[in-house]
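Colleague: the sequence isn't on hand, but the structure is:
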């Protein structure tokens, strides 16, 4: 099964977030009154008070996807054989293991931290720097963690839903988390900052992760679009469900989540 690499170009995200904050007063969706509990419940469930602005950004992203991103992905698929793509994805996952390991530890998930460390050692040493997922074959299953998930486990509120062109859906909490991972946790970023002449390594990593994430997600998102009456709302719902599951490490939601 394909794994979608975690990608968030944090500098762009922070700039976009600043624009969202500046525009939010004019762009906020109207909160339904308490006299309309059904509409109010749907509004709160969506967690999208910036919906008019977010939909505008969603449309901008659709245009960029058509004229810029899809041609790049089509070129990537021509250059990189289909059978080689999973191995390239494994390689990037392996290099991002320190991010997962740090967040495992910050969440006091010591068993999962041991699995992450074991996978990194095994795949680096026996899997040709991660191109081959030997860890999976010996029972060390892949998982990913990020600081957005860590903040959630610490009880930090999600904040409003936002849509950032080129990046897609996220929450304010995730935006903060991705910035911490990129600038304080990712060893590739450390390396690029420590030696200015090697900054290209950071940008190469940036580009590779982005392209693979888009390659892995493009076809599933196309299917979601075809099956949706409102693609924006469907994508928002899917994103929030996936993030909630990631935060719970795949466990079912608490029983109170099923209460009416």
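Modeller: Right, received. Where do you want to start? What you are looking at is a predicted structure, and each value in this text was computed from that prediction instead of being measured. Numbering: from 1, shown residues only.
Colleague: hang on, residue 143 in a helix?
Modeller: No - under DSSP: H, G, I helix; E, B strand; the rest coil, residue 143 falls outside any helix and is assigned coil.
Colleague: residues near residue 198, how many?
Modeller: 12 (other C-beta atoms under 10 Å). Just so you know, the C-beta spots here come from the backbone N, C-alpha and C atoms, and that holds for glycine as well.
Colleague: who's in contact with it?
Modeller: Under the criterion of C-beta atoms under 8 Å, 6 or more residues apart in numbering, the neighbours of residue 198 are 191-192.
Colleague: that one in helix, strand or coil?
Modeller: Here residue 198 is helix, with the state taken from three-state DSSP.
Colleague: what about residue 84, how many neighbours?
Modeller: Should you count by other C-beta under 10 Å, residue 84 turns out to have 11 residues around it.
Colleague: just to be sure, residue 170 is in a strand?
Modeller: Yes - the assignment for residue 170 by three-state DSSP puts it in a strand.
Colleague: can you show me the strands along the stretch 101-250 of the chain?
Modeller: Using DSSP state E, counting those that start in this stretch, the strands assigned to the stretch 101-250 of the chain run over residues 161-164, 168-171.
Colleague: what mean pLDDT does the first one have?
Modeller: Right, strand 161-164. With pLDDT averaged residue by residue, strand 161-164 scores 94.
Colleague: before we move on, what about stretch 82-90?
Modeller: Averaging pLDDT residue by residue across stretch 82-90 gives 94.
Colleague: now that stretch: buried residues?
Modeller: Of the residues in stretch 82-90, those buried by neighbour count under the rule 16 or more other C-beta atoms under 10 Å are 85-90.
Colleague: now those residues in JSON lines, with secondary structure and distance to residue 60?
Modeller: Formatted as JSON lines, these follow (DSSP: H, G, I helix; E, B strand; the rest coil; distance: C-beta to C-beta, whole Å):
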{"residue": "85", "secondary structure": "helix", "distance to residue 60": "28"}
{"residue": "86", "secondary structure": "helix", "distance to residue 60": "32"}
{"residue": "87", "secondary structure": "helix", "distance to residue 60": "34"}
{"residue": "88", "secondary structure": "helix", "distance to residue 60": "29"}
{"residue": "89", "secondary structure": "helix", "distance to residue 60": "28"}
{"residue": "90", "secondary structure": "helix", "distance to residue 60": "33"}
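Colleague: and which of these is nearest to residue 167?
Modeller: The shortest separation between residue 167 and any of the buried residues of stretch 82-90 is 19.0 Å, and it belongs to residue 89 (by C-beta to C-beta).
Colleague: spatially, what comes nearest to that closest one if we skip its sequence neighbours?
Modeller: With C-beta to C-beta, 6 or more residues apart in numbering as the measure, residue 212 is the residue that lies nearest to residue 89, at 5.5 Å, once sequence neighbours are left out.
Colleague: ok, the one you found touching residue 86?
Modeller: No - Residue 212 sits out of contact with residue 86 when judged by C-beta atoms under 8 Å, with a separation of 9.9 Å.
Colleague: got TSV for the strands of the stretch 101-250 of the chain, with distance to residue 105 and mean neighbour count too?
Modeller: Listed next are the strands of the stretch 101-250 of the chain as TSV, based on distance: least, C-beta to C-beta, whole Å; neighbours: other C-beta atoms under 10 Å:
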stretch	distance to residue 105	mean neighbour count
strand 161-164	28	24
strand 168-171	23	21
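Colleague: what comes into contact with stretch 226-236?
Modeller: Surrounding stretch 226-236, the residues in contact under the criterion C-beta under 8 Å, 6+ apart are 46, 48, 54-55, 58, 161, 163, 168-169, 221, 224-225.
Colleague: give me the distance between residue 109 and residue 130.
Modeller: Summarising the geometry, the distance separating residue 109 from residue 130, computed by C-beta to C-beta, to the nearest Å, is 21 Å.
Colleague: oops, could you answer that again for residue 251 instead?
Modeller: For residue 251, the distance to residue 130 (C-beta to C-beta) stands at 27 Å.
Colleague: just residue 107 next, same as before
Modeller: Note on residue 107: its distance to residue 130, by C-beta to C-beta, is 23 Å.
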